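1. Please find the sequence and the predicted model below.
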Amino acid sequence: MMKITAKPFILELKNPFGISKNLRNSTDTIIVTIECDGFCGFGEASLPPYLIENQLSVLNFIKKINPVNITYPFNFAVIHEYLDNLDHGNYAAKASIDIALHDLQGKIEQKALFQILDSNPEKMPYSAFTIGIGTPEVVIAKTKQANAFRYLKVKLGGEDDEAMIKAIRSISFKPLYIDVNEGWKEKRKALDSIFRLRDDGAKLIEQPMPVQNLAETSWLSENSPIPIIADEAFQIIDDLEKLQGVYKGVVVKLMKCGGIYPAKQIIEKSKKLDLKIMMGCMNESSCAIMAAAALAPFCNYADLDGPFLLTNNPYVDPKMGNGKIVLSKNPGLGLSSNS
């Protein structure tokens, strides 16, 4: 029979992580292990402040799981139906179980996760390195840490967006993904900013305005010279159709949607709706990042820098090659302990 273990852990950040809503130095997480027939799968629930979940809620959800209801070979549609019937929401908790089971499946079958998912490593998109809101001096220091990356993801919506871009451009001309985290409030000012950012090398704008401002965001998306994509406004597959005409794409995160299986469904439906797709992340260790990376070749963009922002990643950092995450050929997620 399977044994599920869940332990709290705090991911410590190398630098304070500033967005338009808050500033933090760490992120709570839960590390999950699932043991079966001598094999062990690893999962993770990353819990940034804006998620409703926390360490206690994840632990309480996992306690509800009866391992006898999860058997190999894994039918992930049935497993997720079972998890959804236990409780509504709890997507990060469900993601931790889903990731651990996929890792376990790979180890049992001696297959890498990307092979199980029929993902093509040659189609891996470039990943972005995140520059949080900060003073010009801090922004320059963070930009210097991004040598292995071809793209920069810049958090805007603070007191002086232009000063941040000027600081970055003083030392780097890498293309930019802009993430505003709902920080802009007036659509015409937002559009003016987007045109300036386009001229500064921005390739997309992520969640420029508050989630509830659908009409303003639709107008902005229609008039923007670069794609406007949804993050906070998007979570699960049922959200996709209502976002058509408002956004040009969505950010898929395992912690938002419940794991690898629902994320793959979202990707497939997004393509049918002609929506661009970014495979994104929270502040996550290599565990959740390598799970997301196995799906990234199905996507247009990637933002998978989580482990590179940490001082205490429990696992070895993912390998980077030519600005892209390199998928491990080892079974499952291909994780190695950092201890």
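-> Everything's here; your move. Numbers count the residues shown, from 1 in each chain.

2. could you say which helix or strand contains the residue nearest to D239 when sequence neighbours are not counted?
-> Nearest residue to D239, sequence neighbours excluded (C-beta to C-beta, 6 or more residues apart in numbering): A233, at 7.5 Å. Quick note: C-beta positions are derived from backbone N, CA and C, even for glycine. Here A233, judged by DSSP states H and E, is contained in no helix and no strand.

3. List the contacts of A233.
-> Applying C-beta atoms under 8 Å, 6 or more residues apart in numbering to A233 gives the contacts Q207, V211, T217, D239, L243, V246, Y247.

4. Mind naming the longest helix for the protein?
-> helix 91-109 (DSSP state H).

5. For this structure, just list every one of the strands.
-> Counting by DSSP state E, the segments of the chain that form strands are 3-18, 23-36, 39-47, 128-131, 151-155, 176-179, 202-206, 228-230, 249-252, 276-279, 301-302, 319-321, 324-326.

6. Which of those sits closest to F114?
-> Nearest of the strands of the chain to F114, taken as C-beta to C-beta: strand 324-326 at 10.6 Å.

7. pLDDT on that closest one, on average?
-> On average, the pLDDT along strand 324-326 is 98.

8. Can you point out the buried residues in it?
-> Of the residues in strand 324-326, those scored as buried under the neighbour-count criterion (16 or more other C-beta atoms under 10 Å) are K324, I325.

9. Within the sheet, what are the partner strands of it, with directions?
-> Next to strand 324-326 in the sheet, as set by DSSP bridges, lie strand 319-321 (antiparallel).

10. what is the rounded mean pLDDT of the strand it pairs with?
-> 97.

11. list the buried ones in that strand?
-> Going by neighbour count (16+ other C-beta under 10 Å), the buried part of strand 319-321 is M320.

12. Off-centre distance for it?
-> Mean C-alpha position of strand 319-321 versus that of the full chain (C-alpha atoms, centre = their mean, to the nearest Å) differs by 18 Å.

13. Using ChimeraX, define a selection of the buried residues within the contacts of A233.
-> Buried subset of those, written as a ChimeraX selection, criterion 16+ other C-beta under 10 Å:
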select :207,217,243,246,247
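
14. Take the contacts of A233 and write them to CSV, including distance to L156.
-> Below are the contacts of A233 laid out as CSV (distance: C-beta to C-beta, whole Å):
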residue, distance to L156
Q207, 11
V211, 17
T217, 16
D239, 24
L243, 21
V246, 20
Y247, 17
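
15. Okay, and which of the contacts of A233 map to helices?
-> Secondary structure assignment by DSSP H places T217, L243 of the contacts of A233 in helices.

16. possible to save the contacts of A233 as a markdown table with distance to D84 and pLDDT?
-> Compiled in a markdown table, the contacts of A233 are given as follows (distance: C-beta to C-beta, whole Å; pLDDT from 0 to 100):
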| residue | distance to D84 | pLDDT |
| --- | --- | --- |
| Q207 | 26 | 98 |
| V211 | 23 | 96 |
| T217 | 29 | 98 |
| D239 | 16 | 96 |
| L243 | 22 | 94 |
| V246 | 26 | 97 |
| Y247 | 26 | 98 |
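
17. Nearest to S270 among the contacts of A233?
-> For those, the nearest to S270 is L243 (9.7 Å; C-beta to C-beta).

18. my guess is the closest one contacts V251, does it?
-> No. Contact between L243 and V251 fails when scored by C-beta atoms under 8 Å: they sit 11.2 Å apart.

19. Give the residues shared as contacts by the two.
-> When contacts are counted by C-beta under 8 Å, 6+ apart, L243 and V251 are jointly contacted by A230, F234.

20. related to what we said a few turns ago, format the strands of the chain as JSON lines; extra columns: distance to F61.
-> What follows is the strands of the chain, written out as JSON lines (distance: least, C-beta to C-beta, whole Å):
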{"stretch": "strand 3-18", "distance to F61": "9"}
{"stretch": "strand 23-36", "distance to F61": "10"}
{"stretch": "strand 39-47", "distance to F61": "9"}
{"stretch": "strand 128-131", "distance to F61": "28"}
{"stretch": "strand 151-155", "distance to F61": "30"}
{"stretch": "strand 176-179", "distance to F61": "29"}
{"stretch": "strand 202-206", "distance to F61": "29"}
{"stretch": "strand 228-230", "distance to F61": "26"}
{"stretch": "strand 249-252", "distance to F61": "21"}
{"stretch": "strand 276-279", "distance to F61": "24"}
{"stretch": "strand 301-302", "distance to F61": "28"}
{"stretch": "strand 319-321", "distance to F61": "33"}
{"stretch": "strand 324-326", "distance to F61": "29"}
